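Participant: just coords:
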């Protein structure tokens, strides 16, 4: 077990990519992250090879260890779920451990987001800890991937992300409500980090534009509203039809 002091400014001035588990990652090739510094959240190492994996929940540690690549370095919170007083995260494999404040009502304590602090923020989602860790490592630009807080073509996570794993959060409406909550927490954390570390934080869009042309994106705030699902299906069908028509036209133009 090593303290994260060794990681402070280890990638100073570099770009660091933070990988969540949202469905937009279904549309990004693994090779895109070649030669990039990556911090993966929880079990995303099953799908993408990451330089670091950060986690804080005991239930998921076995899966993190099962699917991580040999070169991946592990970073765990000191206590389960980031709650001081809970069980300590203890594993036999070499890893870094980070101290953290408590999170009253699952809300992040922004007071630890300071350059002179060696504590990492924790919240309802581990994505905030990953973003803070990237800033702690000295990133000039932090690019968030797969923190979609909604569904794409009906998927709320990377395909098979929860396969063979007992989900901590319920499916359906309960899970979507959780996405709404963590989105707001990420906004607060991002604002605090950009001000304190003077770094840039952006997100990766794998599509042609913000309309996710050819795909159906629904924000968590719009899910489970009357007629929303029907409208989404219709929009998805028309969008895909439009893309196919354009491809067919282009085919005949260039033959």
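Facilitator: Structure's in. What do you need? Please read all numbers here as calculations on a predicted model, not as lab measurements. Numbering: from 1, shown residues only.
Participant: quick check: buried residues in stretch 55-69?
Facilitator: 55-58, 60-61, 63-65, 68 (16 or more other CB atoms under 10 Å). Heads up, the C-betas are built off the backbone N, CA and C, glycines and all.
Participant: what's the lowest-pLDDT member of these?
Facilitator: Ranked by pLDDT, the buried residues of stretch 55-69 bottom out at residue 58, which has 70.
Participant: hang on, that one packs against residue 90?
Facilitator: No: Residue 58 lies out of contact with residue 90 (CB atoms under 8 Å); the separation is 9.1 Å.
Participant: one step back: want to throw the buried residues of stretch 55-69 into JSON lines with secondary structure?
Facilitator: Formatted as JSON lines, the buried residues of stretch 55-69 follow (DSSP: H, G, I helix; E, B strand; the rest coil):
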{"residue": "55", "secondary structure": "strand"}
{"residue": "56", "secondary structure": "coil"}
{"residue": "57", "secondary structure": "coil"}
{"residue": "58", "secondary structure": "helix"}
{"residue": "60", "secondary structure": "helix"}
{"residue": "61", "secondary structure": "helix"}
{"residue": "63", "secondary structure": "helix"}
{"residue": "64", "secondary structure": "helix"}
{"residue": "65", "secondary structure": "helix"}
{"residue": "68", "secondary structure": "coil"}
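Participant: which one of those is nearest residue 185?
Facilitator: The shortest approach to residue 185 among the buried residues of stretch 55-69 belongs to residue 56, at 14.2 Å (CB to CB).
Participant: the closest one reaches residue 89, doesn't it?
Facilitator: Yes: counting by CB under 8 Å, residue 56 does reach residue 89; the two are 7.0 Å apart.
Participant: residue 215 and residue 203, how far apart?
Facilitator: Residue 215 sits 16 Å away from residue 203, going by CB to CB, to the nearest Å.
Participant: quick one: which of those two has more around it?
Facilitator: residue 215 (20 against 16; other CB atoms under 10 Å).
Participant: the more buried one falls within a strand, correct?
Facilitator: No: counting by three-state DSSP, residue 215 is not found in a strand; it is coil.
Participant: how near is it to residue 150?
Facilitator: Taken as CB to CB, the span from residue 215 to residue 150 is 11 Å.
Participant: follow-up on the earlier one: need the buried residues of stretch 55-69 in TSV (columns: distance to residue 46).
Facilitator: Converted to TSV, the buried residues of stretch 55-69 look like this (distance: CB to CB, whole Å):
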residue	distance to residue 46
55	12
56	17
57	15
58	18
60	11
61	13
63	7
64	9
65	11
68	8
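Participant: in the stretch 151-255 of the chain, what spans have low per-residue confidence?
Facilitator: Along the stretch 151-255 of the chain, the model assigns pLDDT under 70 to residues 166-172, 212-213, 221-240, 242-244, 246-247, 249-255.
Participant: 80 - rerun?
Facilitator: Low-confidence segments of the stretch 151-255 of the chain (pLDDT under 80): 163-177, 210-216, 218-255.
Participant: show me the domain layout of this structure.
Facilitator: 2-203, 225-254 (automatic domain parsing).
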